[in-house]
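**Student:** Here is my input; please provide its structure:
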Amino acid sequence: MSVHSKLEKFEDNWRTSMGGWFPGDKVVLRGKDVFTEVNHSSWMEYLLFATTGKESPKIARLMEGMWVICTSFPDPRIWNNRVSALAGTARSTGALASAASVAVTEATLYGLKPIKGATDFLYRADQRLREGESLEQIIKSELKQHRSVYGYGRPIVEGDERVKPMMDFARSVGCDAGRYTKLAFEVGDYLSASRLKYQINIAAVCAGLLADQDLRPIDFYNLMILGFSAGAMPCFIDALQQQEGCFFPLRTSRLNYTGGEEVKHWRV
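**Tutor:** Residues are numbered from 1 along each chain as shown. This is a model prediction of the structure:
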């Protein structure tokens, strides 16, 4: 089939079961009328339904807790918040600051990849346990292949201050530890007793809680994309209100420069 033939059926035509806007009439999302059937939903309930098709005030409340307790810290030293503060000190806009901060949460050591990776690991580990492998075999295999286990260890401090508040909140909304959450802590117990001394971090805790609610790794990922934004915006606003161009300046003499003199001249 030619490229023309493949594209022709999509010209001025996009078939979707997700939803649509009918000007002057209604808006439909996953077969429901937004104005009459979804209009009393909270924003998080709406996001949950939009991204997963699930209708659950309990899961939505759990996600709200995760956004508040786990991700949106208003500290400009945090990697993605630093981008928002830089946007503020450069007198950029809030939209660009927020978008850039969300973009850099697509990281390997923090943010969205550990969130997705921790959930994926728990699902795979549970399946392998059901097939008769030991927890030790599974963890050693993961370490051998990836040199780490998503959801365990932390680059700055050993423990994670968010674990207890998050578990307390989960219990308060009726999301106590199920099979996957218990598995997350069992892995943490094994790793903390090993030579690596890795302790469980919040990614594994949240992964377990949401896997117990039958959410897939991609669901967790999609629901957390905007979860860092309430921490990023205060950092942008704070930098915007301070002297322009003064967020964490670094004098050139502190740089370990080893290049040629001609580049050094332009650097200075």
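**Student:** Roughly how far does the residue positioned nearest the centre of the chain sit from Leu226?
**Tutor:** Nearest residue to the geometric centre of the chain (CA atoms, centre = their mean): Leu112, 3.5 Å. Distance, Leu112 to Leu226, by CB to CB, to the nearest Å: 11 Å. Where C-beta positions appear, they are placed from N, C-alpha and C, glycine not excepted.
**Student:** burial measure for Phe220, as a count.
**Tutor:** Neighbour count of Phe220, defined by other CB atoms under 10 Å: 26.
**Student:** and the gap between Val83 and Gly231?
**Tutor:** For Val83 relative to Gly231 (CB to CB), the value is 12 Å.
**Student:** These two: which has the busier surroundings?
**Tutor:** Val83 (24 against 21).
**Student:** thought that one was touching Val102?
**Tutor:** No. In this structure Val83 lies outside contact range of Val102 using CB atoms under 8 Å: 9.3 Å.
**Student:** Give me the phi and psi for Leu29.
**Tutor:** Backbone dihedrals for Leu29, given as degrees, to the nearest 10, come out at phi -130, psi 120.
**Student:** Once you drop chain neighbours, what's closest to it?
**Tutor:** Once flanking residues are discounted, Leu29 sits nearest to Gly19: 4.1 Å by CB to CB, 6 or more residues apart in numbering.
**Student:** quick one, what contacts the one you found?
**Tutor:** Val27, Val28, Leu29, Arg30, Val34 (CB atoms under 8 Å, 6 or more residues apart in numbering).
**Student:** can we see that at 7 Å?
**Tutor:** By CB atoms under 7 Å, 6 or more residues apart in numbering, Gly19 lies in contact with Val28, Leu29, Arg30.
**Student:** Burial check on the last one, number of neighbours?
**Tutor:** Spelled out, it's Arg30. 14.
**Student:** Using the three-state scheme, assign Cys246.
**Tutor:** coil (DSSP: H, G, I helix; E, B strand; the rest coil).
**Student:** Over to Trp21?
**Tutor:** Looking at Trp21 with three-state DSSP, the answer is strand.
**Student:** How much space separates the residue nearest to Leu29 from Thr93?
**Tutor:** 29 Å.
**Student:** Equivalent analysis for Thr258, please.
**Tutor:** Thr258 is 37 Å from Thr93, by CB to CB.
**Student:** which of these two has more neighbours?
**Tutor:** Each of Thr258 and Thr93 has its neighbours counted (other CB under 10 Å); Thr93 has more, 12 against 6.
**Student:** residues contacting the residue nearest to that one when sequence neighbours are not counted?
**Tutor:** Nearest residue to Thr93 in three dimensions, chain neighbours excluded: Ala87, at 7.6 Å (CB to CB, 6+ apart). Counting by CB under 7 Å, 6+ apart, Ala87 makes contact with Leu96, Ala97, Ala100, Phe236.
**Student:** and with 6 Å instead?
**Tutor:** Counting by CB atoms under 6 Å, 6 or more residues apart in numbering, Ala87 touches Leu96, Ala97, Phe236.
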